[in-house]
Every structure is written in structure tokens, then in C-alpha cells.
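Chemist: Need the 3D shape of this:
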Amino acid sequence: MFSIIGILIVFGAVIGGYLMEHGKLAVLFQPAELVIIGGAAAGTILVANSPHTLKAVLAGFKTVFGSSKFTKKLYTDTLKHMYDTMQKARKGGLTALEKDVDQPDQSELFAKFPPGAPDHHIRDFVCDTWRMAITGGPSPFEMDLMMELDMEVHHHYSHQPPAALTAVADALPGLGIVAAVLGVVITMGALGGPPEEIGHKVAAALVGTFLGILLCYGLVGPMASRMLRAAEDEGHFYHVLRVAITSFLKGSSPILAVEFARRTIPGHVRPSFHEIESACRGTAAK
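Modeler: Okay, the predicted model is just below:
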């Protein structure tokens with residue numbers, strides 16, 4: 001919602017200021033310039049990225065125009081889930097989780113994990129970690145290292161879509177210049193003609209530069225930044241899960257492991273100690 005409002009403000013301010021100076025909107029409507037800039041931008045992103053990245057860019061637009069799913073409620077529900085899971089492991093041993101992690105779709109614990117924002121990648125991250133812990137082979141340090149490696153891979157690929165969009169944003173001013181240069185070439189061919197015709201062609205050429213810069217700094221660049229912020233939010237969520245599991249495997253009690261994890265949640269969505277304690281103690285797993 002805020003992204004849409006921001007975009008409307010950007011274009012509203014630019015067009016409003018232009019109209020205040022008695023500019024004519026019809027002059028800004030240059031389909032040929034849009035075809036040159038838009039087509040070239042689309043071509044550059046196709047050349048520079050794999051189909052997987054392109055699909056991720058399209059999926060990332062949901063995060064640009066939607067609100068973040070990593071809310072205080074999600075963190076509270078997730079930490080409660082982690083508490084319930086660790087309580088079950090504490091009472092029955094890690095092997096008590098074996099059926100849950102092997103068949104998460106049929107498990108009451110993991111069927112809808114994370115609560116409120118189903119994501120099989122996050123669930124796989126947690127289940128695979130518990131599965132390795134059940135084997136009893138790796139030490140807590142090795143488990144922590146394993147999760148760190150997993151997160152590094154996820155971090156790399158989650159940052160590819162915003163990086164691709166940033167590259168397009170960086171190219172747009174240059175593509176605007178390309179459109180402007182082509183407009184100048186056309187203008188040169190019209191020298192000697194009526195002054196109105198030459199003026200119209202010069203205006204069209206300058207609109208190309210204007211559009212390239214505006215789309216870069218007023219639309220595509222901010223969208224890439226918003227997409228990057230969403231990837232960072234997801235990375236924080238993985239880190240919270242990692243801290244909770246590592247703390248428990250090192251011998252902390254479930255409530256203490258959850259508290260360690262709570263301290264790593266970003267401040268603007270971090271639930272209080274009492275909120276987490278109330279959620280965990282209220283309906284702990286039996």
C-alpha cells in the first residue's frame with residue numbers, strides 16, 4: 001500500500017509541477033520513446049538473468065506492493081511453535097520429533113509452519129535441521145555451521161531478484177540517452193523544415209532522457225530497494241530460527257532458547273518478554 005502511495009506521490013509531484021509551469025501533457029506522451037526505453041530495458045534483463053531469476057523477479061513484485069508478512073504476530077506464533085517443538089523434544093527426546101520432521105504435512109506441529117505464512121523453504125530448513133539433530137551425529141557447533149551454510153545459499157539467491165532490478169534501474173538513464181540521441185538523429189534529418197516540426201522532434205528527444213531518469217530514480221530503483229528489504233526481512237526470520245535451535249541443542253531450556261531467539265528479532269516487530277512468555281506458557285505442547 002505504501003509503495004503504491006509513494007509511486008503516486010512521485011508521479012503526481014512531477015506532473016503537477018510540470019502543469020504549474022503551464023506545460024502540455026500531450027508533449028510528454030511519446031510512444032516511440034517508451035518503446036525504445038521499455039523494450040531495451042526488458043531486453044537487458046532477459047540477457048543478464050536466468051529464467052529462474054526472472055521468475056523470482058516477477059514473484060518479488062508481490063512483496064513490493066504488499067505488506068511484509070514478517071509481523072510481530074508471525075514472530076510470536078513462530079516462537080510459540082518452536083517452544084512447543086522443543087518441549088516435546090525435551091520430554092520425549094529428539095527422537096520424539098522423528099515422525100513430525102519426516103512427514104511434516106501430516107504433523108500437527110509442522111503442517112502449517114510457519115503459522116500464518118506457509119513457506120515450504122522455511123519449513124524444510126527447520127525440519128532438515130531437526131532431522132540431522134535426531135541422528136545424534138553432528139555437534140551443536142556443526143549444526144550451527146550447517147544452518148549458516150544453508151542461510152548463505154538462501155541469502156545469495158534471495159538477493160538475485162533485487163540485484164537484477166537494480167541493474168535495470170541503473171541502465172535506464174543510459175537507455176534514455178539512447179532514445180534522446182535517436183531523436184536528435186531524426187531531428188537532424190528534419191533540418192530545413194518548419195520550426196514547429198523541428199521543435200516537436202527536439203521535445204520528443206528530450207522526453208526520452210526525462211523518462212529514463214524518472215523511471216530509474218522514481219520507480220524501478222525504489223522497487224528494487226523494497227524488494228531487497230523484503231529479502232533482508234526473510235533473512236532475519238531464518239536467523240531467529242537458527243538461534244532458537246542452536247540454543248536448545250547447546251542445552252538451554254525451551255523457554256530460554258526462545259528468549260535467545262526473541263532478542264535477535266528486529267526491534268520494530270519484536271514481541272515483548274511477557275507476550276512470548278504468555279503465548280508459550282499458555283498452550284505448551286504436552
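
Chemist: alpha carbons only for contacts and neighbour counts from here, please
Modeler: OK.

Chemist: Next, the contact list for G183, please.
Modeler: Counting by Cα atoms under 8 Å, 6 or more residues apart in numbering, G183 touches 201-202, 204-206.

Chemist: got it, and P140?
Modeler: Going by Cα under 8 Å, 6+ apart, the list of residues near P140 reads 246, 249-250.

Chemist: could those be laid out in CSV, adding pLDDT?
Modeler: Shown next, in CSV, are the contacts of P140 (pLDDT from 0 to 100):
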residue, pLDDT
T246, 95
L249, 93
K250, 93
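
Chemist: Cross these against helices and list the overlap.
Modeler: Members of the contacts of P140 lying in helices (criterion: DSSP state H): 246, 249.

Chemist: SS state for the residue in the chain sticking out farthest from the centre?
Modeler: Largest separation from the mean C-alpha position in the chain: G192, at 53.2 Å (Cα atoms, centre = their mean). Secondary structure for G192, judged by DSSP: H, G, I helix; E, B strand; the rest coil, is coil.

Chemist: where does it fall, phi/psi-wise?
Modeler: phi 100, psi -10 (degrees, to the nearest 10).

Chemist: and the gap between it and K201?
Modeler: Using Cα to Cα, to the nearest Å, we find G192 at a distance of 13 Å from K201.

Chemist: Could you tell me how many residues sit around G218?
Modeler: Neighbour count of G218, defined by other Cα atoms under 10 Å: 19.

Chemist: Just the pLDDT for the nearest residue to A190 once chain neighbours are set aside.
Modeler: Nearest in space to A190, with sequence neighbours left out and distances taken as Cα to Cα, 6 or more residues apart in numbering, is I198 at 6.5 Å. At I198, the model reports a pLDDT of 80.

Chemist: What of A284?
Modeler: pLDDT, read off for A284, is 44.

Chemist: Relative to P254, how far out is G137?
Modeler: Distance from G137 to P254, by Cα to Cα: 21 Å.

Chemist: Those two - which one has more neighbours?
Modeler: P254 (26 against 10).

Chemist: thinking again about what came up before, from the contacts of G183, keep the buried residues only.
Modeler: In the contacts of G183, burial by neighbour count holds for 201-202, 204-206, counting by 16 or more other Cα atoms under 10 Å.

Chemist: could you dump those residues to a markdown table with distance to R281 and secondary structure?
Modeler: What follows is those, written out as a markdown table (distance: Cα to Cα, whole Å; DSSP: H, G, I helix; E, B strand; the rest coil):
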| residue | distance to R281 | secondary structure |
| --- | --- | --- |
| K201 | 72 | helix |
| V202 | 71 | helix |
| A204 | 67 | helix |
| A205 | 67 | helix |
| L206 | 65 | helix |
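
Chemist: Just give me the closest of those to V14.
Modeler: Nearest to V14 among the buried ones among the contacts of G183 is L206, at 15.5 Å by Cα to Cα.

Chemist: isn't the closest one right next to A180, touching?
Modeler: Yes - under the contact definition of Cα atoms under 8 Å, L206 touches A180, with a separation of 5.7 Å.

Chemist: Phi and psi next, for C280.
Modeler: Taking degrees, to the nearest 10, you get phi -70, psi -50 for the backbone angles of C280.

Chemist: how many other residues sit next to it?
Modeler: C280 has 22 neighbours, counted by other Cα under 10 Å.

Chemist: What distance do you get for it to T76?
Modeler: 9 Å.

Chemist: One more: A40?
Modeler: 46 Å.

Chemist: Neighbour count for those two, which is higher?
Modeler: Using other Cα under 10 Å as the criterion, A40 and T76 rank with T76 on top: 22 against 19.

Chemist: Next up, the contacts around the more buried one.
Modeler: T76 touches 271, 275-276, 279, counting by Cα under 8 Å, 6+ apart.

Chemist: are any of the residues you listed buried, and which?
Modeler: For the contacts of T76, buried by 16+ other Cα under 10 Å: 271, 276, 279.

Chemist: which SS state does the first one fall under?
Modeler: The local conformation at P271, judged by three-state DSSP, is coil.

Chemist: How confident was the prediction at it?
Modeler: Model confidence at P271, expressed as pLDDT, equals 94.

Chemist: ok, which stretches of the protein are helices?
Modeler: Using DSSP H, the helices of the chain run over 2-20, 25-28, 31-48, 51-65, 72-92, 98-102, 120-135, 140-158, 160-189, 195-215, 221-249, 254-262, 273-282.

Chemist: could you redo those helices as a markdown table and give each row distance to F110?
Modeler: A markdown table is the format used below for these (distance: least, Cα to Cα, whole Å):
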| stretch | distance to F110 |
| --- | --- |
| helix 2-20 | 33 |
| helix 25-28 | 54 |
| helix 31-48 | 38 |
| helix 51-65 | 24 |
| helix 72-92 | 9 |
| helix 98-102 | 7 |
| helix 120-135 | 7 |
| helix 140-158 | 19 |
| helix 160-189 | 29 |
| helix 195-215 | 43 |
| helix 221-249 | 14 |
| helix 254-262 | 17 |
| helix 273-282 | 17 |
